[in-house]
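Peer 1: Next input, structure requested:
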Amino acid sequence: MLIRKLNKRKRIALVAHDHKKADLIDWSVYNKTVLARHELFATGTTGRMLEESLDRPVKQLLSGPLGGDQQMGAMIASGNIDILIFFWDPMEAQPHDSDVKALLRLGVAWNIPMACDRATADFIMTSPFMHDEYEAVVPDYSHYLKRRIEDE
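Peer 2: From the prediction side, this is the model:
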């Protein structure tokens with residue numbers, strides 16, 4: 001069994017679609033004290049808005065549609081993101097829906113805590129695991145990587 005240790009200081013990715021940015025900012029300000037203990041990453045405009053609202057540095061990636069979702073996904077796959085808070089808009093089609101789906105898929109594939117709404121984000125932030133080290137089981141994909149590819 002593979003284990004990935006999440007340190008006491010977590011690396012938290014914060015992402016929000018346009019119609020959910022205000023919700024994420026409001027949630028982040030409410031959780032400002034807890035977030036101050038962690039390293040924050042965000043895509044595009046969301047990162048700038050968070051930095052201003054929280055008055056602290058946020059590592060900013062590209063805007064989601066311009067590759068930020070893919071950058072975030074690469075960070076998840078390489079073990080450089082511990083938690084994903086992604087307030088996405090279920091009522092609005094996104095021009096980069098395939099990137100959004102890929103980001104969510106990677107969060108599940110690499111077994112990272114992930115919230116797509118405020119209630120779940122609140123549960124993550126108030127979990128005892130949030131304030132200490134945590135050993136997460138990393139799925140073993142060696143069988144998948146070693147599978148035989150048959151010619152058609």
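Peer 1: got a list of contacts for stretch 101-113?
Peer 2: 15, 69-70, 72-73, 76-77, 79, 81-84, 86, 114, 116, 124, 129, 136-139 (CB atoms under 8 Å, 6 or more residues apart in numbering). Bear in mind the C-beta positions are built from the backbone N, C-alpha and C, glycine included.
Peer 1: Give the buried residues for stretch 104-118.
Peer 2: Buried residues in stretch 104-118, counted by 16 or more other CB atoms under 10 Å: L104, L106, G107, W110, I112, P113, M114, A115, C116, R118.
Peer 1: I'd like to know which of those residues is nearest to V58.
Peer 2: A115 (17.3 Å; CB to CB).
Peer 1: got the contact list for the closest one?
Peer 2: Per CB under 8 Å, 6+ apart, neighbours of A115: I83, L84, I85, F86, A121, F123, I124.
Peer 1: Report the beta-bridge partners for it.
Peer 2: Per DSSP bridges, the residues bridged to A115 are I85.
Peer 1: Quick check, pLDDT for it.
Peer 2: Confidence at A115, expressed as pLDDT, is 97.
Peer 1: Now do G44: how many residues are near it, please.
Peer 2: Number of residues near G44 (other CB atoms under 10 Å) recorded here: 19.
Peer 1: Next, give phi and psi for it.
Peer 2: The phi/psi pair for G44 (degrees, to the nearest 10) reads phi 30, psi -120.
Peer 1: Go ahead and confirm it touches G68.
Peer 2: Yes: in terms of CB atoms under 8 Å, G44 counts as a neighbour of G68; the distance is 5.4 Å.
Peer 1: so what sits against both of those two?
Peer 2: L61, L62.
Peer 1: Closest one of the buried residues of stretch 104-118 to L24?
Peer 2: L24 has its nearest neighbour among the buried residues of stretch 104-118 in R118, at 8.6 Å by CB to CB.
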